[in-house]
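Pasted the sequence and its predicted model underneath.
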Amino acid sequence: MYIAFREGENDLIRLLQNKDLEAVADIVAFAYPGMNIQTSEKKLEFIGRLTKEQEEQNGIQYFGYFNKEEELLGIYRLHDFECNVNGKFQRIFGIGMVAVHLLHKKEKVAFKLLSHFHQYASQEKVSLVSLYPFNPSFYRNMGYGYGPMKYEFKIKPNALVSDGEKGLVKFLSPKDEEAIVALYNDYAQKNHGMIKRTWTERQRIKNGVTNYVGVIENGQLLGALAFTLEPLKDSHFLHQHMIVHEWIWNDPNGYKQIAAWLYSQQDQVDRIIFRTNDASFLYTLSNPLNGSNHLIPSVYHEVAHAGSGLMYRITNVVDFIHEMNFQQLRRPDEYIRLLIEIEDTFLKEQNGLYEVIYNGDFWNATKISNTNEEATIKIGIHDLSSWWMGCISIEMLHNYGAASIRDIDIKKLDEWFKPKQSPICFTSF
């Protein structure tokens, strides 16, 4: 059961109610002008959307920060996800739509909202949280580590392989929702970092927000692609790009048939824009150039734009170790005892020394206070979170001076604790 949190004597953070939604719309309109909800009509549409989300069992909750006059000063949206963490689905939280009243900036409202988010995660025994930052450095200072890079490829259709059977590709409709969801969740099961299909994403399928095509063999959906066509600005009506919003498959043939279909779009599509966490997509292309004609010295042709977005934070180190147990990774050959000194200045109860032991079956962790021993590893919580989510190796963190290691083979640390695959995530929130 949810418990409201007091911030000081008078301030309160609680679940939002329908009576609060008009004030929410006013705050969001100023905080996110790009959402275009400034007019009365758009605000009413937005309130209707929030009302529906509040009524559904969808893993979404909205929280508000109120002062002693019961004025709403800030909000955030909590997402309750199932995420593949190194081969095992576990519950994680995501935070989105953090917004502060325009007249109450620089009053630590966002700080208090994030503190509440972390407290709630602790209450619910959720040891890993995530977010998309409006400012990466702001959240890094709160202990969030950088997640996977995302690459935006902008390729000609004929850059893709063409040896699949494009005739097997058919349009899908909202009636195929369950098949699309089953394929997606199967893909999520096989890829570290993927979040199971969410209620919001199901709504997009039901409402036909994008076009879907898929490969069906023997009544089974092997691959699917969601796309929209976008006319090029300042060009004629026949000149357009294809924006790929999602591309999933559970069999190489599922990939090859769709790739062949994309190859055949040369007469209608100038370039295909595909955004992915998978840098290896480059190696499937006959011509990866994105048309910028930009050279990186000495002769490196620009093939993609890259960005940092999704960030992770471990909110309970002991629980994360016990729940994850670093399954699917190499185990030590013998009993191992490590002392990990973690710096966490935002969640100060996490700051300090941890004894981490492998006893032949499980990794066990305990926070300790009384020892004169020197730590095996010294690391910040932000870098620990990135390392244990497979975004960077401890070896590279050490090389850059971000982590201190002593009396241990650093390569073994990566074999024991770093997922072999960098996270892949399609979910926006």
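Structure received.

number of nearby residues for V299?
As a burial measure, V299 scores 6 neighbours (other Cβ atoms under 10 Å). C-beta: built from backbone N, CA, C; applies to glycine.

nope, N250 is what I meant
19.

how about it, phi and psi?
phi -120, psi 10 (degrees, to the nearest 10).

how is this protein carved up into domains?
5-126, 151-308, 316-417 (automatic domain parsing).

Show me the shaky parts of this structure.
Applying pLDDT under 70 to the chain picks out residues 1-10.

Helices of that one, start to end?
21-31, 40-55, 109-123, 136-140, 177-190, 199-206, 252-263, 317-324, 381-388, 394-399, 410-417 (DSSP state H).

Same list, the domains of the chain, but as TSV with distance to I424 please.
Shown next, in TSV, are the domains of the chain (distance: least, Cβ to Cβ, whole Å):
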stretch	distance to I424
domain 5-126	9
domain 151-308	5
domain 316-417	10
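
Ok, which of those comes nearest P133?
domain 151-308 (8.6 Å; Cβ to Cβ).

need the contact list for the residue nearest to P288 when sequence neighbours are not counted.
Once flanking residues are discounted, P288 sits nearest to V303: 4.1 Å by Cβ to Cβ, 6 or more residues apart in numbering. V303 makes contact with 153, 282, 288-290, according to Cβ atoms under 8 Å, 6 or more residues apart in numbering.

Neighbour-wise, give me the winner out of the residues you listed.
F153 (21 neighbours).

Go ahead and flag the most central residue of this protein.
Most central in the chain under Cα atoms, centre = their mean is L310, positioned 4.6 Å from the mean C-alpha point.

Just the strands from the stretch 151-300 of the chain, written as ranges.
Secondary structure of the stretch 151-300 of the chain by DSSP state E, counting those that start in this stretch: the strands cover 169-172, 211-217, 220-231, 240-249, 271-276, 295-296, 300-301.

Direction included, what does the fifth one pair up with?
For strand 271-276, the paired strands and their directions (DSSP bridges) read strand 149-155 (antiparallel), strand 240-249 (parallel).

Same question for the last one.
Strands that pair with strand 300-301, judged by DSSP bridges, come out as strand 295-296 (antiparallel).

related to what we said a few turns ago, which one of the domains of the chain lies closest to M142?
Per Cβ to Cβ, nearest to M142 of the domains of the chain: domain 316-417, 4.7 Å.

can you give me the offset of the closest one from its chain's centre?
The chain centroid and the centroid of domain 316-417 are separated by 23 Å under Cα atoms, centre = their mean, to the nearest Å.

In contact with the residue nearest to D407 when sequence neighbours are not counted, which residues?
Distances taken as Cβ to Cβ, 6+ apart place T376 nearest to D407, at 6.2 Å, with adjacent residues excluded. Shown in contact with T376 (Cβ under 8 Å, 6+ apart): 338-340, 405-408.

Go again with 10 Å.
The contact partners of T376, by Cβ atoms under 10 Å, 6 or more residues apart in numbering, come to 336-341, 355-356, 404-408, 413.

Make a markdown table out of the strands paired with strand 271-276 and add distance to L347.
Formatted as a markdown table, those follow (distance: least, Cβ to Cβ, whole Å):
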| stretch | distance to L347 |
| --- | --- |
| strand 149-155 | 26 |
| strand 240-249 | 34 |
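
Which of the ones you listed sits closest to I381?
strand 149-155 (20.7 Å).

related to what we said a few turns ago, which of the helices of the chain sits most buried?
helix 381-388 (a mean of 25; mean count of other Cβ atoms under 10 Å).

now that one against helix 317-324, angle please.
For helix 381-388 against helix 317-324, the angle by axes from the mean of the first three to the mean of the last three Cα atoms, to 10 degrees is 10 degrees.

What ranges does the stretch 301-429 of the chain have for its strands?
304-308, 311-314, 336-343, 352-358, 363-368, 377-380, 404-405.

and the first one, what other elements does it pack with?
This points to strand 304-308. Here strand 304-308 touches strand 149-155, strand 271-276, going by 3 or more Cβ pairs under 10 Å, 6 or more residues apart in numbering; DSSP states H and E.

re the thing from before, now tabulate the strands of the stretch 151-300 of the chain in JSON lines and tack on mean neighbour count and distance to R14.
JSON lines is the format used below for the strands of the stretch 151-300 of the chain (neighbours: other Cβ atoms under 10 Å; distance: least, Cβ to Cβ, whole Å):
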{"stretch": "strand 169-172", "mean neighbour count": "16", "distance to R14": "41"}
{"stretch": "strand 211-217", "mean neighbour count": "19", "distance to R14": "39"}
{"stretch": "strand 220-231", "mean neighbour count": "19", "distance to R14": "37"}
{"stretch": "strand 240-249", "mean neighbour count": "19", "distance to R14": "35"}
{"stretch": "strand 271-276", "mean neighbour count": "19", "distance to R14": "37"}
{"stretch": "strand 295-296", "mean neighbour count": "9", "distance to R14": "51"}
{"stretch": "strand 300-301", "mean neighbour count": "11", "distance to R14": "53"}
